[in-house]
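Colleague: sequence plus predicted model, see below.
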Amino acid sequence: GKLMININKNRAAEFLKNKIRNKREKLFSELDIQYMRAIERGDTALQSEIAAKKQALRDATDIDINSFETRDDLVQLWPEDLLGTNPFPTGSNIV
C-alpha cells in the first residue's frame, strides 16, 4: 500500500522542481540552437513547435501541492515526455 508522506509538501515539491530545472537547462540550450536554425531557414512551423516545447518545459515546474498526497504521487509528476525517464523509481526515497 501507499504510505502518506510525512514531509513538508512544499519542500517536497521544491525538491522535484529543482530536479526538473536542472534537467531542462540543457534542453533549453539545445532548443535555442534549433530555434535559431529554424529562423535561418524561415521555418515558422518549426519555430512554433520549439516555442511550444520551451513553454511546456517552463510549465513543468508549475506543481500544485494539492495535486499529490504521497511521495509516489509526486514523482509521477515528472514529465517523461519532456525530460525522459523518471529518475525516481516508485517506492524509493527522494528526501
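Modeller: Thanks, I have it. Numbers count the residues shown, from 1 in each chain.
Colleague: can you tell me the SS state at residue 89?
Modeller: Applying DSSP: H, G, I helix; E, B strand; the rest coil to residue 89 yields a three-state assignment of coil.
Colleague: how much space between it and residue 75?
Modeller: Here residue 89 is placed at a distance of 8 Å from residue 75 (CB to CB, to the nearest Å). From N, CA and C alone the C-beta is placed, and that goes for glycine too.
Colleague: which one's more surrounded, the two?
Modeller: residue 75 (21 against 9; other CB atoms under 10 Å).
Colleague: report how many residues lie close to the residue lying closest to that one once chain neighbours are set aside.
Modeller: Nearest residue to residue 75, sequence neighbours excluded (CB to CB, 6 or more residues apart in numbering): residue 88, at 3.9 Å. By other CB under 10 Å, 18 other residues sit near residue 88.
Colleague: and if you look at residue 45?
Modeller: 8.
Colleague: lowest-scoring secondary structure element of this protein by mean pLDDT?
Modeller: The helix or strand of the chain with the lowest confidence, counting by mean pLDDT, DSSP states H and E, is helix 71-75 at a mean of 89.
Colleague: list the buried residues of it.
Modeller: Neighbour-count burial for helix 71-75, counted by 16 or more other CB atoms under 10 Å, picks out 71, 72, 74, 75.
Colleague: follow-up on the earlier one: and the residue nearest to residue 75, what's its pLDDT?
Modeller: As predicted, residue 88 sits at a pLDDT of 86.
Colleague: list the buried residues in the longest helix anywhere in the chain.
Modeller: Ranked by residue count under DSSP state H, the longest helix found in the chain is helix 9-41. For helix 9-41, a neighbour-count test (16+ other CB under 10 Å) marks 12, 13, 15, 16, 19, 20, 23, 24, 31, 34, 35, 38 as buried.
Colleague: tell me the spacing between the closest residue to the last one other than its chain neighbours and residue 26.
Modeller: Meaning residue 38. Leaving aside its chain neighbours, residue 38 sits nearest to residue 46 (4.1 Å; criterion: CB to CB, 6+ apart). Distance of residue 46 to residue 26, given as CB to CB: 20 Å.
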